[in-house]
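# Any chance you can model this:
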Amino acid sequence: MSIEPDFIEDSPPEILSGQFLTEQEEPILRIENLNIRFGSNPVLRNIDFSVFKGETVAVIGESGCGKTVLLKTLIGLNKPNTGRILFDGNDLKKLSYFDLAKIRTRYGFVFQQAALFDSMTIRENIAFALVQHTNKSKKEINERTERLVREVGLSQQVLDKKPAELSGGMRKRVGFARALALEPELILYDEPTTGLDPIMSDVIDELMIETQTRYNVTSIMVTHDMKSACKVAGRIIMLYPLAKLTEIEPQIIFDGTPEEIKNSTDQRVLQFLGIKK
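All right, here's what the predicted structure looks like:
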């Protein structure tokens, strides 16, 4: 007898299934034999996977398995002890500070708690990267800022408010708008639905799907929310804590589609999903 959680019923739209991807010579992101330790404490070991343009990948796993460390490493905030991260063929570890900063303008990052600047208005928060990294006129920046606010489902009235005046869900949407300001090729999501009620979580899921469809961006999301992962992502990667593995066991214990994870026979995967077989 099996008991399947309701998240299994949610399947990603066909465009996100991974099957629409055309053959490409090179992935937009390649992680090769990535190893990270802090002092004597290993966190990530022999991590290998590639992500192709247009893919939406969810990285799941219990607390302490290295998900957030991986996300920070993908943007160059952590440097691998061994191995490398290649973004569009560029080895992040070998880039100068200037070149790494330039590469990061091709990323968008949606933080867990939105991480907006409290002292700035919503308009200033969204426009921040445009002011810092482009030569656009004030009129052009305002036009893009106002368009992005509309795209994430907020009214123009929020533009002159401060983050503290908005609800958690509204701040998340502002975080989306800010991440899209530079029209990134890759968006990283850190627990995008954490702290939200089920209705708002579903709104954020739909916003991620709309973002992928509208901009054809590549997306990687770290999440504990399996319903969100199965709805938004066409591919799921599961990490396992190194403390629970032997030295020869791989840390990635699953890499496949939402449908395939439902049919996994790995008890560690099933336990995380809450499936009994």
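# Gly67 contacts Ala58, correct?
I think there's a mix-up here, since residue 67 is Lys and not Gly. No. Applying C-beta atoms under 8 Å, one finds Lys67 not in contact with Ala58, separated by 10.1 Å. Backbone N, C-alpha and C define where each C-beta goes, glycine included.
# got any residues that touch both of the two?
Common neighbours of Lys67 and Ala58, using C-beta atoms under 8 Å, 6 or more residues apart in numbering, are Val222.
# Between the two, point out the one with more neighbours.
Using other C-beta atoms under 10 Å as the criterion, Lys67 and Ala58 rank with Ala58 on top: 26 against 23.
# so who does the more buried one touch?
Ile220, Met221, Val222, Thr223, Ser228, Ala229, Val232, Ala233, Arg235, Ile236, Ile237.
# The third one bridge partners, please.
In this case it means Val222. Val59, Asp190 (DSSP bridges).
# Tell me, how many residues neighbour Asn125?
25.
# what helix or strand is it on?
helix 122-133 (DSSP states H and E).
# Mind listing what's buried along that helix?
Ile122, Arg123, Glu124, Asn125, Ile126, Ala127, Phe128, Ala129, Leu130 (16 or more other C-beta atoms under 10 Å).
# Also stretch 159-170?
By 16+ other C-beta under 10 Å, the buried positions in stretch 159-170 come out as Leu159, Lys162, Pro163, Leu166, Gly169, Met170.
# Ok, stretch 149-157 next?
Val149, Glu151, Val152, Leu154.
# residues contacting the second one?
By C-beta under 8 Å, 6+ apart, the contact list for Glu151 reads Ala177, Leu180, Glu210, Arg214.
# Let me know the pLDDT of it.
Listed pLDDT for Glu151 reads 90.
# follow-up on the earlier one: turn the contacts of Ala58 into TSV, including pLDDT, distance to Phe87 and neighbour count.
Converted to TSV, the contacts of Ala58 look like this (pLDDT from 0 to 100; distance: C-beta to C-beta, whole Å; neighbours: other C-beta atoms under 10 Å):
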residue	pLDDT	distance to Phe87	neighbour count
Ile220	97	12	22
Met221	95	17	26
Val222	95	17	26
Thr223	92	22	23
Ser228	92	25	25
Ala229	94	23	28
Val232	95	22	30
Ala233	96	20	28
Arg235	97	18	25
Ile236	97	21	23
Ile237	97	17	23
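# so can I have JSON lines of the buried residues of stretch 149-157 showing secondary structure?
Conversion of the buried residues of stretch 149-157 to JSON lines gives the following (DSSP: H, G, I helix; E, B strand; the rest coil):
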{"residue": "Val149", "secondary structure": "helix"}
{"residue": "Glu151", "secondary structure": "helix"}
{"residue": "Val152", "secondary structure": "coil"}
{"residue": "Leu154", "secondary structure": "coil"}
